[in-house]
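S.K.: kindly return the folded structure for what I paste below:
(2 chains)
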2 protein chains.
Amino acid sequence: MVLDQIQMADGISRVEIAQRTGLTPQTVSGIVRRLLDEGIVREDGASRGATGGKPRTTLRVDAGAGRAVGVHFDPVHLTCAVIDLLGRPLVVRRRPTPPDADPARIVAAMAELVFAVLAEAGLSRDEVLGLGLATPGPIERELGMIVAPPQLTHWARVPLQRMLSDLTGLPVTLDNDATAAAIGERWAGAGKGVANFAHFFFGTGIGGGLILNYQVYRGGSLNAGEFGHASLLPDGPECYCGNRGCLDRIANPSAIVAETRRRLAEGGQESMLSQSFARNPASVDHAAVRIAAAEGDPVAAAVIDEAAARVAVVATAIVNFIDIDLVILGGHGIQFVESRYVEVVRSALETRPLSRHIRVVEVAASPLGPNAAVVGSAALVLHRLYSPQLSALLAN
Amino acid sequence: MVLDQIQMADGISRVEIAQRTGLTPQTVSGIVRRLLDEGIVREDGASRGATGGKPRTTLRVDAGAGRAVGVHFDPVHLTCAVIDLLGRPLVVRRRPTPPDADPARIVAAMAELVFAVLAEAGLSRDEVLGLGLATPGPIERELGMIVAPPQLTHWARVPLQRMLSDLTGLPVTLDNDATAAAIGERWAGAGKGVANFAHFFFGTGIGGGLILNYQVYRGGSLNAGEFGHASLLPDGPECYCGNRGCLDRIANPSAIVAETRRRLAEGGQESMLSQSFARNPASVDHAAVRIAAAEGDPVAAAVIDEAAARVAVVATAIVNFIDIDLVILGGHGIQFVESRYVEVVRSALETRPLSRHIRVVEVAASPLGPNAAVVGSAALVLHRLYSPQLSALLAN
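M.R.: Below you'll find the predicted structure:
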């Protein structure tokens, strides 16, 4: 909590931290002393408060005092980033995932990418705090494995965490990509300093993550945040999860593309998108639909807004159930159309949740854009080291 | 956490507590010493563990070492209970709420009822830890007031907490009835020892409460748990909340009664319920429908099962979003038909949530029955005094 306050503010004193957190000045001083000893925070001159009085020492995060590296693994790309203590990406690089899907070869490619990115950042292995790895879920964190991944059948029960740690010599923190993206928002994105938020992560599907009381909320079986499997149409199409009419089934990239092509095939007004469709239907892929919607194409825009309206129904339910302070929409799956999604969801949250008379929940697009998951993967390391842990507090 | 372990077990040693909580033996010993000093816990002989070895002192909660009193205020009844430290009700009494709705008179009636119940329990005011008050929400806990209660228009901005404290001389803890009921489950009901659960509270409407990491989760604006306002039919009837087709709108007592009467009016098979309806339609009220359903009346049973199926959709969404360990169904609104609701929701949770392959979430009817809210109101006092509070831990 103390580090959060220092990270958010552009210079803050111990007294201000105590005021904002409700912690006693003694507790704040003790924690600040540890942060200073560890070199994470530095004292940065003194300033008088607005009301005058004794000058107070200003504290700032020493952004360069620590770095973390992260890998986002998806079936199509490997992405790697180095971030500083403020969560800012220093270097980001992407490579195609080797297509043969042999785990040992892909882990070797991850390790190579990590070393290439560290070299580009001018850092040796000893200068990073650790390596975070974000993968499609579900995962078993205790075992460091992916469990039954929908598109990665070769990966079940592969000891991914140990393999990557052996090859890189770095401690590896493993988590699923949606959780990593939420953690990235908490450290470096729209969720900085927000106690409770829900993060919708748009990738090949629609995942989610919850930060409650500044911590990741994982749930009893570590499967919280499955916003994509809210059933919106009880008689809708079957989802791979076994339910019907799930958000992820009716508003994922394939559903958006199929619906756009269906409308284009029906004919109607000519447009650049309809011409492109007439020449080659396959050219109307998810990126093309999003780009066309961003440029105002009426068919694409209508389909995207309808997908956003489905997301809005789920966001409203989340607000009614969990009463979060903020909804963040992120991930490469909404690139170019972030503002359409934000507008539709915002308008729902202004008019539908029961608590809207008390306060309207905010909606934000992730400032991390398509880097949300990879920045999140590196932020896993910071979160493991620096987030408030009840067990650690009790142990001290 | 330590007190939870002692409360759940029928005798437990310090070593076992450390094993089950992951706390260090030193931390456990320190906390147990405080619980012993406060007289909440007692040492109860020694026993050898299953594996032999040094005998270990057994710890138990001293149920009689403390009592709390609670009042559940609803527009129809005032209910008051005294509970012991294990959450067991010693005396429960109910009276009609004075009908003129003058706040001062009703608060006086609450105070009278508290003193009558204490007298019946043979307790003086000094022998209770405090008074909990559960009211329809939304409330402002800081101010001790109800805010804009749907059926209690006279009550907006009445300083209820202070008035009741002045009249009884007891410290008053105020909360909304759905949250109080969830806290009651945590201390004395189906939620004992469960880290994460959702509680559906069936009263005049459908409310809810969340316990996450053993604590009440209230949300950023203290309005979490509004399970009743999940919108299930986007084009359904308008709800007072402003949304459409909400669970609370389509499955609350009035909706159940209206639907049952509609089907009975259409005719069909003769039954005791249809005869009663023919004699006097008004006799088919919510209690009559529930009793008939419990006795197997086909019309009533079908209507109840359909309402339960609506609840099951929301319970599935809650599991997908929050990944709780248990769903508890309670409150007087499902009295007599608890097992029908449990069966329908259980069958949904076995087949629909994404995480069902990892573990199936359990469903339980509240053992507190119609006393859920009043036991919860008294449990508010225990929860305030004894639940783990991050701020308290940091202060020590």
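S.K.: export stretch A:58-72 as PDB, just CAs?
M.R.: The C-alpha trace of stretch A:58-72 is given here as PDB (Å, rounded to 0.1, in the frame of the first residue of the first chain):
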ATOM      1  CA  THR A  58       9.700  13.800  -0.600                       C
ATOM      2  CA  LEU A  59       9.800  10.100  -1.600                       C
ATOM      3  CA  ARG A  60       9.900   8.800  -5.100                       C
ATOM      4  CA  VAL A  61      10.200   5.300  -6.700                       C
ATOM      5  CA  ASP A  62      13.700   4.800  -8.100                       C
ATOM      6  CA  ALA A  63      12.400   3.500 -11.400                       C
ATOM      7  CA  GLY A  64      15.800   2.300 -12.500                       C
ATOM      8  CA  ALA A  65      16.600   0.500  -9.300                       C
ATOM      9  CA  GLY A  66      15.100  -2.700 -10.500                       C
ATOM     10  CA  ARG A  67      13.800  -4.300 -13.700                       C
ATOM     11  CA  ALA A  68      11.800  -7.300 -14.500                       C
ATOM     12  CA  VAL A  69      11.500  -9.300 -17.800                       C
ATOM     13  CA  GLY A  70       8.400 -11.000 -19.000                       C
ATOM     14  CA  VAL A  71       7.300 -13.300 -21.800                       C
ATOM     15  CA  HIS A  72       3.800 -13.600 -23.200                       C
END
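S.K.: can you list the residues of the stretch 151-300 of chain A near chain B?
M.R.: A:195-196, A:208, A:210, A:212-213, A:217-227, A:229-231, A:234, A:241-243 (C-beta under 8 Å from any C-beta of the partner chain). (C-beta placed from N, C-alpha, C; glycine too.)
S.K.: make it 7 Å
M.R.: A:195-196, A:212, A:217, A:219-221, A:223-227, A:229-231, A:241-243 (C-beta under 7 Å from any C-beta of the partner chain).
S.K.: are any of those buried, and if so which?
M.R.: In these, burial by neighbour count holds for A:195-196, A:212, A:217, A:219-221, A:223-227, A:229-231, A:241, A:243, counting by 16 or more other C-beta atoms under 10 Å in any protein chain shown.
S.K.: spatially nearest residue to the residue of the stretch 251-396 of chain A at minimum distance from chain B (excluding sequence neighbours)?
M.R.: At 2.4 Å from chain B, A:D323 is the closest residue in the stretch 251-396 of chain A, using C-beta to the nearest C-beta. Nearest residue to A:D323, sequence neighbours excluded (C-beta to C-beta, 6 or more residues apart in numbering or on different chains): B:G219, at 2.4 Å.
S.K.: now do A:Q269
M.R.: Closest to A:Q269 by C-beta to C-beta, 6+ apart is A:P298, at 6.8 Å.
S.K.: how about the one you found, phi and psi?
M.R.: As for A:P298, its main-chain torsions (degrees, to the nearest 10) stand at phi -70, psi -40.
S.K.: before we move on, the earlier item: among the residues of the stretch 151-300 of chain A next to chain B, which are in strands?
M.R.: A:212, A:217 (DSSP state E).
S.K.: what number of residues lie near the nearest residue in space to A:L326 that is not next to it in sequence?
M.R.: Closest residue to A:L326 apart from its sequence neighbours, by C-beta to C-beta, 6+ apart: A:F197 at 4.1 Å. A:F197 has 26 neighbouring residues, counting by other C-beta atoms under 10 Å in any protein chain shown.
S.K.: A:T79 contacts A:V69, correct?
M.R.: No. Judged on C-beta atoms under 7 Å, A:T79 makes no contact with A:V69 at a distance of 11.5 Å.
S.K.: look at these two and report which has more neighbours.
M.R.: A:V69 (31 against 24).
S.K.: surely the more buried one is within a strand?
M.R.: Yes. Counting by DSSP: H, G, I helix; E, B strand; the rest coil, A:V69 falls inside a strand.
S.K.: show me where chain A has its helices.
M.R.: A:2-8, A:14-21, A:25-37, A:103-120, A:160-168, A:177-188, A:247-250, A:253-265, A:272-279, A:286-294, A:298-322, A:338-351, A:372-386, A:390-395 (DSSP state H).
S.K.: closest to A:P138 out of the ones you listed?
M.R.: Proximity to A:P138 (C-beta to C-beta) singles out helix A:177-188 among the helices of chain A, at 10.4 Å.
S.K.: could you list the low-pLDDT ranges of the stretch 151-300 of chain A?
M.R.: Counting by pLDDT under 70, the stretch 151-300 of chain A shows low-confidence ranges at A:151-152.
S.K.: just the closest residue of it to chain B, please.
M.R.: Closest point on the stretch 151-300 of chain A to chain B, by C-beta to the nearest C-beta, is A:G219, at 2.4 Å.
S.K.: ok, A:R141 - how many residues close by?
M.R.: Residues near A:R141, counting by other C-beta under 10 Å: 14.
S.K.: can you pull up the bridge partners for the nearest residue to it once chain neighbours are set aside?
M.R.: Nearest residue to A:R141 in three dimensions, chain neighbours excluded: A:L174, at 6.1 Å (C-beta to C-beta, 6+ apart). The bridge-partner assignment for A:L174, based on DSSP bridges, gives A:L133.
S.K.: how far away is A:L174 from A:Q161?
M.R.: 5 Å (C-beta to C-beta, to the nearest Å).
S.K.: what's the overlap in contacts for the two?
M.R.: Taking C-beta atoms under 7 Å, 6 or more residues apart in numbering or on different chains as the contact rule, the neighbours common to A:L174 and A:Q161 are A:133, A:144.
S.K.: between those two, which one's more packed in?
M.R.: A:L174 (26 against 23).
S.K.: hmm, that one is touching A:I139, no?
M.R.: Yes. A:L174 is in contact with A:I139 according to C-beta under 7 Å; the separation is 6.2 Å.
S.K.: hang on, the earlier thing: need the contact list for the residue of the stretch 151-300 of chain A closest to chain B.
M.R.: Counted by C-beta under 7 Å, 6+ apart, A:G219 has contacts B:196, B:322-324.
S.K.: ditto for A:V313
M.R.: A:232, B:231.
S.K.: do you know the pLDDT at the residue lying closest to A:T316 once chain neighbours are set aside?
M.R.: Among residues not flanking A:T316 along the chain, A:R352 sits closest, at 4.6 Å (C-beta to C-beta, 6+ apart). A:R352 carries a pLDDT value of 91.
S.K.: what's the neighbour count on A:R352?
M.R.: Other residues close to A:R352 by other C-beta under 10 Å number 23.
S.K.: neighbours of the nearest residue to A:N252 once chain neighbours are set aside, how many?
M.R.: Using C-beta to C-beta, 6+ apart and skipping the chain neighbours, the partner closest in space to A:N252 is A:G205 (5.3 Å). For A:G205, the count of nearby residues is 23 (other C-beta under 10 Å).
S.K.: look up how far B:W187 lies from A:G205.
M.R.: 40 Å.
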